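**Q** here is a sequence together with a model predicted from it:
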Amino acid sequence: GRLPPLPGSTQEFPFNILVLGDTRTGHDIHREVVAKAIAEAPSLIINLGDIVELNQRLQDWYQFFDIERDLLSVAPFVLVPGNHETWWDPEFGALMLNRFFRVGEKGGTGHHTMDLGRLHLVFLDVYWGEDLAGEGLEWLRSDLKSVPDDRLALVFLHDPPISFGAHRPRPSVSRLMPVFQELAVAAVIAGHAHVYEHFIVEGLHYVTAGGGGAGLHEANLNIFEDQKEFLVKSSSEHHYLVLTVGEESIEFTVKQLSGETLETWTVQLPAP
């Protein structure tokens, strides 16, 4: 297995973080994504949720691990739970999350963080974690305020705060945007909508990367007129995201299954 660099450690650059989400029923596409992703030699794998279709169907969980077996042997894995891990049968969903993943007191993964080299990664569990309008918000503010000046904060969650996809953003999540802005988050990466989207709002990157295998949504649905100016890129393509972390910057690369790059951009790391 490949271990990620410890917080503040000296490591070889660059290293890759692989991000994908919303595989669900698209097993053939999911297999293609895994085959392509293995070649990225990631140091960390982040899944944005909806790894199953029905959380009370045991076979769905086994199917996920059968497809991802070779990929999961490459690097540590973090799951941000989605609605399909949570709805229909929360008790059984909690049992499965407890069996296969780190869990919080309420059954999901809970809100948690990871320091990876000079990155501070925040994982928000919007279904099982503490209320993000109450205790969860207090935790988030406290955590982001404590990030050292020489580290860059990235947030991962299932539901996007801003999206023109088939799922309208949840108000409880959209209300976090001023918090992310105030506390200097560099990028917020979500799934849920089965499209690729990239917004820039006051210098903060918002990414929807829900193209891991589930049936695609049509891009640019439910457009909010006052948010059109923030949209940089939108595409209804199956894809995955690679964050290539160098000594001075992170390169975000969105890859289609054809091997072609859908989009790439760079965020500078703070001075050490």
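**A** Everything's here; your move.

**Q** can you pull the buried residues of stretch 238-256?
**A** 238-245, 250, 252-256 (16 or more other C-beta atoms under 10 Å). In this view, the C-beta of every residue, glycine as well, is placed from N, C-alpha and C.

**Q** where exactly do the helices run in this protein?
**A** Taking DSSP state H to define them, one finds helices in the chain at 27-38, 58-72, 83-86, 90-100, 135-145, 171-174, 177-182.

**Q** in CSV, list those along with mean neighbour count and distance to Gly107.
**A** Rendered in CSV, the data for the helices of the chain read as follows (neighbours: other C-beta atoms under 10 Å; distance: least, C-beta to C-beta, whole Å):
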stretch, mean neighbour count, distance to Gly107
helix 27-38, 18, 25
helix 58-72, 16, 15
helix 83-86, 23, 9
helix 90-100, 17, 3
helix 135-145, 15, 15
helix 171-174, 15, 19
helix 177-182, 15, 25
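
**Q** closest to Tyr127 out of those helices?
**A** With distances scored as C-beta to C-beta, the stretch of the helices of the chain nearest to Tyr127 is helix 83-86 (4.1 Å).

**Q** related to what we said a few turns ago, closest to His192 out of the helices of the chain?
**A** Sorting the helices of the chain by C-beta to C-beta, the top spot, which is the nearest, belongs to helix 83-86 at 7.4 Å.

**Q** list the helices and strands that closest one packs on?
**A** Under the contact criterion of 3 or more C-beta pairs under 8 Å, 6 or more residues apart in numbering; DSSP states H and E, helix 83-86 touches helix 90-100.

**Q** what residues does the helix it packs on touch?
**A** Residues from elsewhere that reach helix 90-100, judged by C-beta atoms under 8 Å, 6 or more residues apart in numbering: 55-56, 58, 61, 65, 79, 81, 85-87, 103, 106-109, 128.

**Q** so what's the gap between that helix and the chain middle?
**A** 20 Å (C-alpha atoms, centre = their mean, to the nearest Å).
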